[in-house]
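S.K.: Could you look at this predicted model? Sequence included:
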Amino acid sequence: MKLPNNKKVYFASDQHFGAPTPELSAPREKKFVAWLDEVKVDAEAIFIVGDLFDFWFEYKTVVPKGFVRVLGKLAEIRDSGIPIYFFVGNHDLWMDGYFEKELNIPVYHDNQEYTFGDKTFLVGHGDGKGPGDMGYKRMKKVFTNPFSKWLFRWLHPDIGVGLAQYLSVKNKLISGDDDVTYLGEENEWLIIYAKKKLETKHYNYLVFGHRHLPMKLTVGENAEYVNLGDWISYFTYGVFDGDTFEIEKY
């Protein structure tokens, strides 16, 4: 994709809307909608890189209650012609066609490659990547199994959504959340993963969420690992202007 003059590409992740309660989440949702209103002015594309919701599950005819302002703003921006790319995270990995049909927003369940101008990107949420975190990796296989999703759909939404929201907040093995303390370059699984990916193919930017820590680190020749932070503690996002990628705070 060629990036026109004065246009930018924006990246944001880990909003976890709905947590810890809808009432406490509401101010963060309004802040994110305000950010979307600002960036749509010069956005060539917008990437939502996982965990927009703290829980999301699509029944055949039902989706979780709430998030009207966020969904409405995404629909407005997409209808204006600005591409939006949505990556599922470990909290909203049960996407199943709603965003594509209702919002015309493509949904990705794994890393994707992009080129903007002469810069190459690898983009993904980052959960379950790299070494370690074996407990979560096993749980993810269970949760993404079609039979497991079929069984869950038989729970009444009031029961299923309520149970899942509780576990999403309380059970860190299920949620896959890590301690949000920087562990050092040699111990950060996503940094290790990024370096491993560069052994087989070069990217200028490897962009992930999941860790909730805003980071930008050189991991190879003309290659940077980027973690986008979150919209809980940091309210950070990534912006690429055609030449450089920066982490900024809203």
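M.R.: Everything's here; your move.
S.K.: alpha carbons only for contacts and neighbour counts from here, please
M.R.: Will do.
S.K.: Could you pull up the residues touching the residue most central in space within the chain?
M.R.: Note on the chain: the residue nearest the mean C-alpha position is residue 50, at 1.6 Å, using C-alpha atoms, centre = their mean. Neighbour list for residue 50: 13-14, 86-92, 124-125, 209-210 [criterion: C-alpha atoms under 8 Å, 6 or more residues apart in numbering].
S.K.: residue contacts, residue 109?
M.R.: Taking C-alpha under 8 Å, 6+ apart, one finds 87-89, 93 in contact with residue 109.
S.K.: ok so residue 194 is a strand residue?
M.R.: No. Counting by DSSP: H, G, I helix; E, B strand; the rest coil, residue 194 falls outside a strand, being helix.
S.K.: Need the per-residue pLDDT for it.
M.R.: We have a pLDDT of 96 for residue 194.
S.K.: same check, this time on residue 176
M.R.: Residue 176 is given a pLDDT of 47.
S.K.: now do residue 152
M.R.: For residue 152, pLDDT reads 69.
S.K.: same question, residue 160
M.R.: Residue 160 is assigned a predicted lDDT (pLDDT) of 66.
S.K.: circling back to that earlier point, tell me the one of the contacts of residue 50 nearest residue 38?
M.R.: residue 13 (16.8 Å; C-alpha to C-alpha).
S.K.: Looks like that closest one contacts residue 234 (just checking).
M.R.: No. Contact criterion C-alpha atoms under 8 Å: residue 13 and residue 234 do not qualify, at 11.1 Å.
S.K.: Look at these two and report which has more neighbours.
M.R.: Neighbour totals were compared for residue 13 and residue 234, and residue 13 leads with 32 against 15 (other C-alpha atoms under 10 Å).
S.K.: neighbours of residue 186, just the number please.
M.R.: 8.
S.K.: which SS state does it fall under?
M.R.: Residue 186 - assigned by three-state DSSP - is coil.
S.K.: again, but for the one 4 residues further on
M.R.: Assigned with three-state DSSP, residue 190 falls in the helix class.
S.K.: Show me which pair in the contacts of residue 109 is furthest apart.
M.R.: It's 87 and 93 that sit farthest apart of these, by C-alpha to C-alpha, at 8.6 Å.
S.K.: shaky segments in the chain?
M.R.: Applying pLDDT under 70 to the chain flags residues 132-144, 152, 160-179.
S.K.: Would you tell me which helix is longest in this structure?
M.R.: Ranked by residue count and defined by DSSP state H, the top helix of the chain is helix 22-39.
S.K.: which helices and strands sit right next to the next helix-or-strand element following that helix?
M.R.: Per DSSP states H and E, the first helix or strand lying C-terminal to helix 22-39 is strand 43-49. Here strand 43-49 touches strand 8-12, strand 84-87, going by 3 or more C-alpha pairs under 8 Å, 6 or more residues apart in numbering; DSSP states H and E.
S.K.: What strands flank strand 43-49, and is each parallel or antiparallel?
M.R.: Applying DSSP bridges, strand 43-49 is found paired with strand 8-12 (parallel), strand 84-87 (parallel).
S.K.: just the angle between that strand and helix 22-39, please?
M.R.: 150 degrees (axes from the mean of the first three to the mean of the last three C-alpha atoms, to 10 degrees).
S.K.: Outside of strand 43-49 itself, which residues are in contact with it?
M.R.: Contacts of strand 43-49 (C-alpha under 8 Å, 6+ apart): 3-4, 7-14, 82-89, 123-125, 208-209.
S.K.: Could you tell me which of those residues count as buried?
M.R.: Using 16 or more other C-alpha atoms under 10 Å as the burial test, the contacts of strand 43-49 include 3, 7-14, 82-89, 123-125, 208-209 as buried.
S.K.: ok so, going back, would you reformat the contacts of residue 109 as JSON lines and include distance to residue 246?
M.R.: Shown next, in JSON lines, are the contacts of residue 109 (distance: C-alpha to C-alpha, whole Å):
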{"residue": "87", "distance to residue 246": "20"}
{"residue": "88", "distance to residue 246": "23"}
{"residue": "89", "distance to residue 246": "22"}
{"residue": "93", "distance to residue 246": "27"}
